[in-house]
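In: model this:
(one chain, ligands or ions: 1)
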Amino acid sequence: MIRDSIVAAAVLLAVLSCAARGEATTPNANGPRAIDVPILVYHRVTCLMGNPTRMDERMTVAPEAFALQMQRLRDEGYTSVGLGEVRAALEGSCVLPPKPIVITFDDGWESQYSEAFPVLRRLGFHATFFVFTDAVGCPGHVTWDQVREMRSAGMEIGSHTLSHARLPGLEPWPMWKELAWSKDRIEHELDEPVEILAYPFGEWDDAVIAASERAGYREAVTTDAGVTQRADGVMRLRRTFVGFMDGPDEFADALRGRVNWEPMRAEHAPAGQAARRPG
Ligand SMILES: [Zn+2]
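Out: I've put the predicted structure just below:
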């Protein structure tokens, strides 16, 4: 218990220290226009059995593999940072530590809490969990108590919308509900502002970005591959998938922002979600 508190305090301190190092909290015109920061995206952290589809393999990492990957990051001197720090660095109000990395999780799978969270905590890593609020508390997904526990341990929580709807092409009102209602719900559950968003299926367009900004988001992540994050692209930060078939070499490629994976498409709904919400 005491050890957990110390680790949580260390994680929070690491998160806060960036803001503390900055002289200003407002954008600085002299800030860098681009920074290389890998942002990894994980989904389920569990074993795969039977005859998994290619999409299953893509959306899943075995617990043992995940632990090895995190240990590797630790051994190689990576420091986990939050998305707010990335934005602050791009605005020039914060300097990121050497070898910064953002570790993110989409969809709020229960295995993220049961398998990934203990590893992150043990190694003192900070990570960002994007939940779509309709699923929280449903079978296979995290509960609000688990979300609060992870937040209390220094993890960052963001919105992945209300129902994991494909946002481009939505009418204004349904899009507003997906963006604003999910944000309100998480803020109500956590009693703090929520300003980060992951677009479902990584899909976005100019209308989605404009609506997201109107709803109060200040950063958003895509699944466009790459590690170069740009000051004029804080609403479309790049991320790199990590999947079941990734060995050490492929993980090294992911840290470099490999671009040889096909982008996610709406018809490839995460396993379980497709059955729950056909179409
Ligand atoms: Zn998702």
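In: Lowest-scoring secondary structure element of the protein by mean pLDDT?
Out: Across the helices and strands of the chain, mean confidence by mean pLDDT, DSSP states H and E is lowest for helix 273-276: a mean of 34.
In: can you list the residues of the stretch 101-250 of the chain near the ion?
Out: By C-beta under 5 Å from the ion, the residues of the stretch 101-250 of the chain that approach the ion are 106, 107. No exception for glycine: its C-beta is placed from N, CA and C like everyone else's.
In: these two touch, right, residue 216 and residue 196?
Out: No. No contact is recorded between residue 216 and residue 196 when judged using C-beta atoms under 8 Å, the distance being 10.6 Å.
In: give the contact list for the nearest residue to residue 170 once chain neighbours are set aside.
Out: For residue 170, ignoring the flanking residues on the chain, the nearest one in space by C-beta to C-beta, 6 or more residues apart in numbering is residue 178 at 7.0 Å. Contacts were defined as C-beta atoms under 8 Å, 6 or more residues apart in numbering; by that measure residue 178 touches 161, 162, 163, 165, 167, 170.
In: Adding pLDDT, write these out as CSV.
Out: Formatted as CSV, those follow (pLDDT from 0 to 100):
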residue, pLDDT
161, 98
162, 98
163, 98
165, 97
167, 98
170, 97
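In: that older thread, torsion angles phi and psi at the residue nearest to residue 170?
Out: The phi/psi pair for residue 178 (degrees, to the nearest 10) reads phi -60, psi -40.
In: Could you report the distance from it to residue 43?
Out: Here residue 178 is placed at a distance of 19 Å from residue 43 (C-beta to C-beta, to the nearest Å).
In: now do residue 209
Out: In this structure, residue 209 and residue 43 are separated by 23 Å, where distance is defined by C-beta to C-beta.
In: Neighbour count for those two, which is higher?
Out: Ranked by neighbour count (other C-beta atoms under 10 Å), residue 209 and residue 43 place residue 43 first, with 22 against 19.
In: List the single closest residue to the more buried one in space, sequence neighbours excluded.
Out: residue 59 is the one closest to residue 43 (C-beta to C-beta, 6+ apart), at 4.1 Å.
In: And the strands in this structure?
Out: Along the chain, the segments classed as strands by DSSP state E run 34-36, 39-42, 44-45, 60-61, 79-80, 100-106, 128-131, 156-159, 196-198, 219-221, 228-230, 240-241.
In: So which of residue 216 and residue 196 has more stuff around it?
Out: Taking residue 216 and residue 196 together and counting by other C-beta under 10 Å, residue 196 has the greater number of neighbours (24 against 15).
In: and the closest residue to that one other than its chain neighbours, what are its bridge partners?
Out: Computed as C-beta to C-beta, 6+ apart, the closest residue to residue 196 that is not its neighbour in sequence is residue 158, at 3.7 Å. Beta bridges link residue 158 to residue 130 when assigned by DSSP bridges.
In: confidence score at residue 158?
Out: Each residue has a pLDDT score; the one for residue 158 is 98.
In: neighbours of it, just the number please.
Out: The burial metric for residue 158, expressed as a neighbour count using other C-beta under 10 Å, is 25.
In: Quick check, it in contact with residue 130.
Out: Yes. Applying C-beta under 8 Å as the test, residue 158 and residue 130 come out as touching, 4.6 Å apart.
In: Would you confirm that residue 222 contacts residue 208?
Out: No. The pair residue 222 and residue 208 does not pass the contact test of C-beta under 8 Å, sitting 10.2 Å apart.
In: shared neighbours of the two, which are they?
Out: Common contacts of residue 222 and residue 208 (C-beta under 8 Å, 6+ apart): residue 199.
In: Could you pull up the residues touching the residue nearest to residue 196?
Out: Residue 158 makes contact with 83, 128, 129, 130, 131, 186, 194, 196, 197, 198, according to C-beta under 8 Å, 6+ apart.
In: Counting neighbours, what do you get for residue 169?
Out: The number of residues near residue 169, taken as other C-beta under 10 Å, comes to 12.
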